[in-house]
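Student: sequence and predicted model, in that order:
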Amino acid sequence: MMHREPTSGLRLNAGTVEDVAVMAPAQALEDRLRPFVGSRVPGVAAAVVTAEGIRAAAGAGLADIASGATASTSMVCPWFSMTKIATATTAMRFVDRGELDLDEPIIGHVPQLERLTPAGRARRITARHLLTHSAGLSNPIPVSWIHPADQPGPDPDAFLDGLLAKHPKLRFEPGARSSYSNLGTLTLGTALARLAGKPYTHIVQDELLAPLGMTRTGFSYAPEVLPDAATGYHARWSPMRALLPRWVIGPPAGRWISFNRFLLDGSAYGGLVGPAEDAARFLRMHLRDGELDGTRILQPETAARMREITAPGKRFDLGLGWFRPANARDADPPFVEHVGGGAGFFNVIRIYPSEGVGIAVMGNATKYDIDGVAALALDGP
């Protein structure tokens, strides 16, 4: 793993007045990140963005303890459930083109839903229900839904078939309330693949990653990004390690246990892998109401509609992809976000609409004060 200077995520050649102007807020952000690293998380990276560009981008701590590689916004991490907002954005592109109706039953595109009970409820599930996590689907713990990064994952259709067979009972009438479900996003990914006639991963590449210039993000550890791949860590004595497949447990590193590199089964709910600098491009597109560098991904009204929180839930209140923690309903200023957490990593992309600012955060520990890091977006330059 390549050693990098703490602010290397900027990729600037110092020396010009413009470089100095950009590096100053980056240094300030790095200084603010430092209190969060060490015993709390080995390394963390953040990019603060506005519609106009990147306000500041920096990393602090270590991307890999053994090699001493420093954390930066170019370190590559699993997105985990942050992938869901990419899936939602892709789905809304289909809606904009008239290829997907938010309120039409989705069962015609996902025949696996026929196995759900009660059957009447299953036939009423729509794309809107899947996007707002209000379809009533179960949410089994996905702790073992992983495979080694150098091996192929399961067939997506077979994977969804197996999960729905094990968890066929709908918990409530679709639309009655919101309850987070990985199965819902997997179902939506299958619907998109059927509509497009190609794999979900190819759809996201063609519809989102390539148009946005997110060249270092994908659904695998491509050879060109491996030198920047961060190592995930978890508290060494945590009982969680007993739930994970033994092959994923790597060498200890002080108070941490490391994880061998892995990918998630089921790409649509959590399979992306990439750096915070690419996530910042995605975030800027949403801050710009669906457009970036002259490329329109979403219609302005669609991007705005995605930020509207319409489905209350016990833990999260949902919109069409973005959500807000239920305990942050009265946050001032208000925000919408999507987190992505799992074994060894915890990430978030957050938008403060009234402030016109957002932040992409990636850190290589299962748990740390990610809310504290995300709030740095409000600190200004």
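Tutor: Looks like it came in fine.
Student: Leu318: what's it in contact with?
Tutor: Leu318 makes contact with Leu131, Thr132, His133, Ser134, Ser178, Ile309, Thr310, Ala311, according to CB atoms under 8 Å, 6 or more residues apart in numbering. In short, each C-beta sits where N, CA and C put it, glycine included.
Student: what distance do you get for the second one to Ile141?
Tutor: I take that to be Thr132. Note on Thr132: its distance to Ile141, by CB to CB, to the nearest Å, is 22 Å.
Student: before we move on, the earlier item: filter the contacts of Leu318 down to the buried ones.
Tutor: Leu131, Thr132, His133, Ser134, Ser178, Ile309, Ala311 (16 or more other CB atoms under 10 Å).
Student: now the strands: where do they sit in the stretch 101-250 of the chain?
Tutor: Counting by DSSP state E, counting those that start in this stretch, the stretch 101-250 of the chain has these strands, from start to end: 146-148, 233-235, 249-253.
Student: so what does the next helix or strand after the longest one touch, helix or strand wise?
Tutor: By that I understand strand 249-253. Counting by DSSP states H and E, the next helix or strand C-terminal to strand 249-253 is strand 256-259. If contacts are counted by 3 or more CB pairs under 8 Å, 6 or more residues apart in numbering; DSSP states H and E, strand 256-259 sits against strand 233-235, strand 249-253.
Student: would JSON lines of the ones you listed with distance to Gly98 and mean neighbour count be doable?
Tutor: Shown next, in JSON lines, are these (distance: least, CB to CB, whole Å; neighbours: other CB atoms under 10 Å):
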{"stretch": "strand 233-235", "distance to Gly98": "45", "mean neighbour count": "22"}
{"stretch": "strand 249-253", "distance to Gly98": "48", "mean neighbour count": "14"}
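Student: mind putting these into a markdown table with distance to Ala193 and mean pLDDT?
Tutor: Output for these, formatted as a markdown table (distance: least, CB to CB, whole Å; pLDDT from 0 to 100):
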| stretch | distance to Ala193 | mean pLDDT |
| --- | --- | --- |
| strand 233-235 | 33 | 95 |
| strand 249-253 | 33 | 95 |
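Student: using a markdown table, lay out the strands of the stretch 101-250 of the chain together with distance to Asp278.
Tutor: Output for these, formatted as a markdown table (distance: least, CB to CB, whole Å):
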| stretch | distance to Asp278 |
| --- | --- |
| strand 146-148 | 22 |
| strand 233-235 | 22 |
| strand 249-253 | 25 |
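Student: and Pro78, which of the ones you listed is closest to it?
Tutor: Shortest distance between Pro78 and the strands of the stretch 101-250 of the chain, using CB to CB, is found for strand 146-148: 9.6 Å.
Student: strands paired with the closest one, and their directions?
Tutor: Using DSSP bridges, strand 146-148 pairs in its sheet with strand 262-264 (antiparallel).
Student: how far does the strand it pairs with sit from its chain's centre?
Tutor: 14 Å (CA atoms, centre = their mean, to the nearest Å).
Student: got a list of what the closest residue to Gln299 other than its chain neighbours touches?
Tutor: Closest residue in space to Gln299, ignoring its immediate chain neighbours: Asp96 at 5.1 Å, by CB to CB, 6 or more residues apart in numbering. Contact analysis of Asp96 by CB under 8 Å, 6+ apart lists Leu298, Gln299, Thr302.
Student: which one of the contacts of Leu318 is nearest to Ala119?
Tutor: Ser134 (18.5 Å).
Student: can you check the pLDDT for that closest one?
Tutor: If you check Ser134, the pLDDT there is 97.
Student: tell me the helix or strand right after the helix or strand harbouring Arg284.
Tutor: According to DSSP H and E, Arg284 maps onto helix 276-287. Once helix 276-287 ends, the next helix or strand along the chain (criterion: DSSP H and E) is strand 291-292.
Student: contact partners of that next one?
Tutor: Contact with strand 291-292 is made by Leu212, Gly213, Arg281, Arg284, Met285, Ile297, Leu298, Pro300, as judged by CB under 8 Å, 6+ apart.
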